[in-house]
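Participant: need the 3D shape of this:
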Amino acid sequence: MSLTNFIKRIQDIMRKDKGVGTNDVLILEQLVWLLFLFIYDYKEEEWELYEDDFQSIIPEELRWRNWAVDHKDGNALTGDSLLNFVDQNLLPILKNLEIDEATERRKSIVKSIFEDANNYMKNGTYFRQLVNLINEMNFEEIEERHAFNDIYEEMLKGLQTAGNNGQYFTPRALTAFIAEIMDLKIGDTVADFASGTGGFLTSAYEILKKQAKTVEDNEIINKSIYGAEKFHLPYLLGVTNLILHGIDVPNLEHKNSFSDNVREFTEKDKASVIMMNPPFGSKSEDVAIQSNFPAEFQSSETADLFMALILHRIKVNGRVGIILPDGFMFGDGVKQRLKEKLLNEFNLHTIIRLPGSVFAPYTSIATNILFFDYNQIGTQDIWYFEVPLPKGYKAFSKTKPMLSKHFDPVREWWNNRKESEYSWKVTKEDIIKRGYNLDIKNPNKPEEESHDPVVLLQQYKAVCEEVKRLQDTLIEELKSLL
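Facilitator: As a prediction, the model looks like this:
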């Protein structure tokens, strides 16, 4: 099956429908709950085969096999009959499934998927064509499953066009690199408290499943990967993504990770590995949410709260890899207090400085990967590595994104560290003298003034974004003082 052709066929059908048109977000939201039902029905066939007493939580007439499959006998639902079935039966019933604490996770996940799901399509004939196209996938063949996974990955890239309010989706090269550096082992508990479409979690799973030798190993891995996502569409995408990668029952919650009081976390609430790209630039958290944090870490800025959350939810000797914007590196107030705790109680051993265009064109804000361990002793020295742009690149872009191979210079340096054109070391004492400012430029590389208009435009956009962020921070500080 041609990946490009399949995606084009999906788009051609859905864009004819006046309910979704060319709105990529609506297309994705519509498509993903349909894909979930299709995939879930396949998983149920497996469970029925191996479990004599298996019963679906989905009423029989609503299971994919009983309404979506066209047997070419003239009885398949289509047109207005199909739309009425979806709008008046399928979605309302799945939204209101009865579950309780005794309900299996693999069953209760169905209700969580459909709580905010909607049908945007207005033409039942196009709806039937879309369903028939999905049914062309043969999940019993491994090659077809891999092709479907590729299709899904392409759709996740498309979701990046919907990035707003700090919700940027992490390039696969970044999630895979951070997971690789974490040196994951079976028995590690892995968490992402703003898991989005599940990039970090699937990257972790891909590494761990290669180590599995027994059925018990697989069960341990499946239970050890945890995510939480506040927004419905990324949550829906994340659950489906994890199922496609082989996790039958994703341990992914649809919740705001800040809704729990950090003072009440016990050891069972903590993870041995945390990998995250927190939403940055967002000022969406109200006073009630902030009260779940110690006074010195209360902030309306999501990136600050996620950093505070991580410091309360990592186990002793645990490892963290987190992507943070430059604003955190030099920021004061809550940011400085977070950095004081980080350097005094944790070992911040490495900062990878990323090119400003990694998340282009969705944002030009420069970002960094912070790697640290919870050693309860503190930091001694911090190594910096500045990832160079590939030869011939002026910047990364949507058509020339960052790839795994672009981290090869970091890989070569990681276990044999020495100062170079791209790397340097700073002591904790130097950081303290700088007022806990971690924004240290590469001292081994001469400043190059670029006159390239693309680079200058990106620099200008980055400065504008940072000015706006600082203005928002100042407004929040003034509000708190008043």
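
Participant: could you chop the protein up by domain?
Facilitator: Using automatic domain parsing, the domain ranges for the chain come out as 3-158, 163-481.

Participant: out of the ones you listed, deepest packed?
Facilitator: domain 163-481 (a mean of 18; mean count of other Cβ atoms under 10 Å). All C-beta spots, glycine's among them, are computed from the backbone N, C-alpha and C.

Participant: so how far is it off the chain centroid?
Facilitator: Centroid displacement of domain 163-481 relative to its chain, using Cα atoms, centre = their mean, to the nearest Å, is 11 Å.

Participant: let the chain start at 257 from now.
Facilitator: Okay, using 257 as the starting number, the last item reads as domain 419-737.

Participant: can you give me the helices for the stretch 607-738 of the chain?
Facilitator: 664-670, 684-689, 709-737 (DSSP state H, counting those that start in this stretch).

Participant: least confident of those, on average?
Facilitator: In terms of mean pLDDT, the lowest-scoring of the helices of the stretch 607-738 of the chain is helix 709-737 (a mean of 64).

Participant: can you name the helix or strand that the spatially closest residue to residue 453 that is not a sequence neighbour falls in?
Facilitator: Nearest residue to residue 453, sequence neighbours excluded (Cβ to Cβ, 6 or more residues apart in numbering): residue 493, at 4.3 Å. Residue 493 is part of helix 488-501, with elements assigned from DSSP states H and E.

Participant: other residues contacting the helix or strand following that helix?
Facilitator: Per DSSP H and E, the first helix or strand lying C-terminal to helix 488-501 is strand 507-510. If you take Cβ atoms under 8 Å, 6 or more residues apart in numbering as the criterion, strand 507-510 is touched by 361, 368, 371, 451, 454, 457, 478-479, 481-486, 488, 491, 494-495, 498.

Participant: other SSEs contacting the helix or strand that strand 507-510 is followed by?
Facilitator: As assigned by DSSP H and E, the chain's next helix or strand after strand 507-510 is strand 527-532. Packed against strand 527-532, as judged by 3 or more Cβ pairs under 8 Å, 6 or more residues apart in numbering; DSSP states H and E, are the following elements: helix 428-437, strand 446-448, helix 455-465, helix 558-569, strand 570-581.

Participant: so for residue 301, which of these sits nearest?
Facilitator: helix 455-465 (21.9 Å; Cβ to Cβ).

Participant: the following helix or strand past that closest one to helix 488-501, inter-axis angle?
Facilitator: With elements assigned by DSSP H and E, the helix or strand that comes after helix 455-465 is helix 471-480. Orientation note: helix 471-480 sits at an angle of 170 degrees relative to helix 488-501 (axes from the mean of the first three to the mean of the last three Cα atoms, to 10 degrees).

Participant: other SSEs contacting helix 471-480?
Facilitator: Applying 3+ Cβ pairs under 8 Å, 6+ apart, we find helix 471-480 packed against helix 455-465.

Participant: can you confirm residue 341 is in a helix?
Facilitator: Yes. Assignment of residue 341 by DSSP: H, G, I helix; E, B strand; the rest coil places it within a helix.

Participant: ok, it - contacts?
Facilitator: By Cβ under 8 Å, 6+ apart, the contact list for residue 341 reads 323, 333.

Participant: I'd like the distance between it and residue 349.
Facilitator: Noted for residue 341: a distance of 11 Å to residue 349, by Cβ to Cβ, to the nearest Å.

Participant: same check on residue 291?
Facilitator: Per Cβ to Cβ, residue 291 is found 19 Å from residue 349.

Participant: ok, residue 486 next?
Facilitator: Separation of residue 486 from residue 349 (Cβ to Cβ) stands at 26 Å.

Participant: over to residue 620?
Facilitator: 46 Å.

Participant: just for the chain, where's the confidence low?
Facilitator: Applying pLDDT under 70 to the chain flags the ranges 257-260, 394-424, 537-540, 616-618, 702-722, 724-726, 728-730, 732-738.
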